[in-house]
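Participant: I'll drop the sequence and a predicted model, then ask my questions.
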Amino acid sequence: MSRAQAAAAVALVAGTATLALAVAIAVSEFPRGLVLLGLVAVAAVSAWYGVLRRGAARTAGLAVAALAGVLVLLLTGGSLFAQLLVVAGLLVSLAAARTALEIRVTLPAASAPSRPVLFFNPRSGGGKAERFALAIEARERGIEPVELTPGQDLVALVQEAIDGGADALAMAGGDGSQAVVAALAAEHRLPYACVPAGTRNHFALDLGVDRDDVVGALDAFVDGGERTVDLAEVNGRVFVNNVSLGLYAEAVQRKGYRDAKLRTLLDTVPEVLGPGGGELDLRWTGPGGHSHHSGAAVLVSNNRYRLGRAVGSGTRPRIDDGLLGVTVFGAPTHRGQGGSRAQRPWREWTAPGFEVDADGPVAAGVDGEALMLDPPLRFRIRPGVLRVRIARRHPGASPSAIAPEGLGDGLAALSRIARGHHLDPATPTPRSPEWT
């Protein structure tokens, strides 16, 4: 029995036993027991949400689960031992589920390059490059480090290295810099490695690079495997994650955004959506061929993100699907036969291309960088153009590649794993119905 199979079995058995015990306590202590049952459900959902996420989302989910667990202990009058068993069973079940759903892919072997070059931004991620001595670590692996200093043109630096014989490129910096180097690597069909030395490193996460192993990412050029992924572009500019138009894009343009992101975003809300504000004058065509306009925000991504209630929200299960992800937030107007009618406030679909028009320059956040783009904004996907190298000890796939879409799907997935079935990360994940 494999480790994942054993973990899935433990998760199912512990979860079932915990639920049965919680129901028994709920019945024996009616009506307070109903409160207990509700709290256990809240704890389970919150913990499931947190355990399959990272960063602040994980902390928030597990904190809610812990609070619900404490309330279980305070509000029920039954045996303390039984109450502790409920909490312990829940924790064991969730820990086992996380182990069962961990993803690690063995990528096809690739020969080590003879002259790889690493570009690094010493200011990214609060100085990660210096803190982890990336220049020294790179030289020890036969990789030439090139520091990006203020005022230098990264494109020119990379092109100079290519002209000088570089046969592999790596970037240690934020996602905006990753896009620049990745675009040139794709243009020249050179292998590329993403070193997670930025602040959030979204691209690294979805590629399957361990964001906590900055130095280890350099081993992509030592014994790494290779996979091909997509890039996307807007008006010829490559992006690796997404382009946001609307609320977030307006906030990113503001001077104080970098120092106080949340406060700046909240300050932008009433101006865009409040009285005297108004939705954006953006125009596009949906997948059904109908014209639409306005909306609080538009997000166009390099492959589809999981959003909303889906497990793994904010990540992309795949970056090799050959399609853009398009999400429109707000209350857009439908212009079709018979006039206009209101649509749901959240629509998402996938497409190889997408176009947005406007009457003037459009504020955009391109991989988090504030830009003004001239309309029309033409988005397109470039399937399989980037050869990515990933260190052998890193996952090699997005953390949501096999993660279920919800609690019910999670139970079904755990059941399949426990029976010895392998969940294939290459299998396309379910998509929401197209917006017509």
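Facilitator: On my side now, so go ahead.

Participant: quick one, helices of the chain?
Facilitator: Secondary structure of the chain (DSSP state H): helices located at 3-28, 32-51, 55-75, 80-100, 128-131, 134-140, 154-163, 175-187, 202-207, 220-223, 247-252, 261-273, 407-418.

Participant: which one of these has the lowest average pLDDT?
Facilitator: Lowest mean pLDDT within the helices of the chain: helix 261-273, a mean of 43.

Participant: just checking, residue 328 touches residue 293?
Facilitator: No. Using Cβ atoms under 8 Å as the test, residue 328 is too far from residue 293 to be in contact (10.5 Å). From N, CA and C alone the C-beta is placed, and that goes for glycine too.

Participant: so if I had to pick from the two, which one is more boxed in?
Facilitator: residue 328 (27 against 18; other Cβ atoms under 10 Å).

Participant: how close does that one get to residue 156?
Facilitator: 37 Å (Cβ to Cβ, to the nearest Å).

Participant: now residue 9: closest residue in space that isn't a chain neighbour?
Facilitator: If the residues on either side of it in the chain are set aside, residue 9 comes closest to residue 418, at 4.4 Å by Cβ to Cβ, 6 or more residues apart in numbering.

Participant: where in the stretch 251-400 of the chain is pLDDT low?
Facilitator: For the stretch 251-400 of the chain, the stretches with pLDDT under 70 are 251-280, 294-296, 308-313, 330-346.

Participant: change it to 50
Facilitator: The stretch 251-400 of the chain contains residues with pLDDT under 50 at 256-271, 273-277, 309-311, 332-343.

Participant: separation between residue 142 and residue 218?
Facilitator: 10 Å.

Participant: and the two? Which one has more around it.
Facilitator: Using other Cβ under 10 Å as the criterion, residue 142 and residue 218 rank with residue 218 on top: 26 against 14.

Participant: gap between the more buried one and residue 189?
Facilitator: From residue 218 to residue 189 the distance is 21 Å (Cβ to Cβ).

Participant: and for residue 403?
Facilitator: 32 Å.

Participant: list the contacts for the residue nearest the centre of the chain?
Facilitator: Central residue of the chain (Cα atoms, centre = their mean): residue 315, 2.2 Å from the mean position. Counting by Cβ atoms under 8 Å, 6 or more residues apart in numbering, residue 315 makes contact with 205-206, 305-306, 398-400.

Participant: again with residue 205
Facilitator: 54, 196, 211, 315, 398-399.

Participant: got a winner among those for most neighbours?
Facilitator: Going by other Cβ under 10 Å, residue 196 tops the contacts of residue 205 with 28 neighbours.

Participant: apart from its chain neighbours, what residue comes closest to that residue?
Facilitator: Leaving aside its sequence neighbours, residue 196 sits nearest to residue 204 (Cβ to Cβ, 6+ apart; 3.9 Å).

Participant: neighbours of the one you found, how many?
Facilitator: Residue 204: 24 neighbours (other Cβ under 10 Å).

Participant: burial check on residue 20, number of neighbours?
Facilitator: With other Cβ under 10 Å as criterion, residue 20 counts 11.

Participant: distance of it from residue 86?
Facilitator: 10 Å.

Participant: and the residue nearest to residue 133 when sequence neighbours are not counted, what does it touch?
Facilitator: Distances taken as Cβ to Cβ, 6+ apart place residue 215 nearest to residue 133, at 7.9 Å, with adjacent residues excluded. Contacts for residue 215 (Cβ under 8 Å, 6+ apart) come out as 132-134, 137.

Participant: can I get the single longest strand found in the chain as PDB, trimmed to CA atoms?
Facilitator: Determined from DSSP state E, the single longest strand within the chain is strand 377-390. Extracted C-alpha coordinates of strand 377-390, given in PDB (Å, rounded to 0.1, in the frame of the first residue of the first chain):
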ATOM      1  CA  LEU A 377      -6.600  45.100 -25.700                       C
ATOM      2  CA  ARG A 378      -6.000  41.900 -27.700                       C
ATOM      3  CA  PHE A 379      -5.200  38.900 -25.500                       C
ATOM      4  CA  ARG A 380      -4.000  35.500 -26.900                       C
ATOM      5  CA  ILE A 381      -2.600  32.300 -25.500                       C
ATOM      6  CA  ARG A 382       0.700  30.900 -26.800                       C
ATOM      7  CA  PRO A 383       0.400  27.100 -26.200                       C
ATOM      8  CA  GLY A 384       3.500  25.100 -25.200                       C
ATOM      9  CA  VAL A 385       6.100  27.700 -26.100                       C
ATOM     10  CA  LEU A 386       8.100  27.700 -22.900                       C
ATOM     11  CA  ARG A 387      10.500  24.900 -21.900                       C
ATOM     12  CA  VAL A 388      10.500  24.900 -18.100                       C
ATOM     13  CA  ARG A 389      13.200  23.200 -16.000                       C
ATOM     14  CA  ILE A 390      12.200  22.200 -12.500                       C
END
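
Participant: mind listing what's buried in it?
Facilitator: 377, 379-383, 385-390 (16 or more other Cβ atoms under 10 Å).

Participant: how far does that strand sit from the chain's center?
Facilitator: Centroid separation for strand 377-390 versus its chain: 16 Å, with Cα atoms, centre = their mean, to the nearest Å.

Participant: cool, and stretch 165-179?
Facilitator: Taking mean C-alpha positions (Cα atoms, centre = their mean), stretch 165-179 and its chain are 20 Å apart.

Participant: would you mark the buried spots in it?
Facilitator: For stretch 165-179, using 16+ other Cβ under 10 Å, the buried residues are 166, 168-179.

Participant: for the closest residue to residue 92 other than its chain neighbours, list the residues it contacts.
Facilitator: In space, and not counting its chain neighbours, residue 92 is closest to residue 14: 4.6 Å by Cβ to Cβ, 6+ apart. Residues near residue 14 by Cβ under 8 Å, 6+ apart: 89, 92-93, 96.

Participant: reformat those residues as CSV; add neighbour count.
Facilitator: Below are the contacts of residue 14 laid out as CSV (neighbours: other Cβ atoms under 10 Å):
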residue, neighbour count
89, 21
92, 17
93, 24
96, 22
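
Participant: check those against residue 408 and report the nearest one.
Facilitator: Nearest to residue 408 among those, counting by Cβ to Cβ, is residue 93 at 15.3 Å.

Participant: that closest one touches residue 7, doesn't it?
Facilitator: No. If you go by Cβ under 8 Å, residue 93 and residue 7 don't touch, sitting 10.3 Å apart.

Participant: now, which of the contacts of residue 215 sits nearest residue 185?
Facilitator: residue 134 (18.5 Å).

Participant: wait, the closest one sits on residue 120?
Facilitator: Yes. The pair residue 134 and residue 120 qualifies as a contact (Cβ under 8 Å) at a distance of 5.4 Å.
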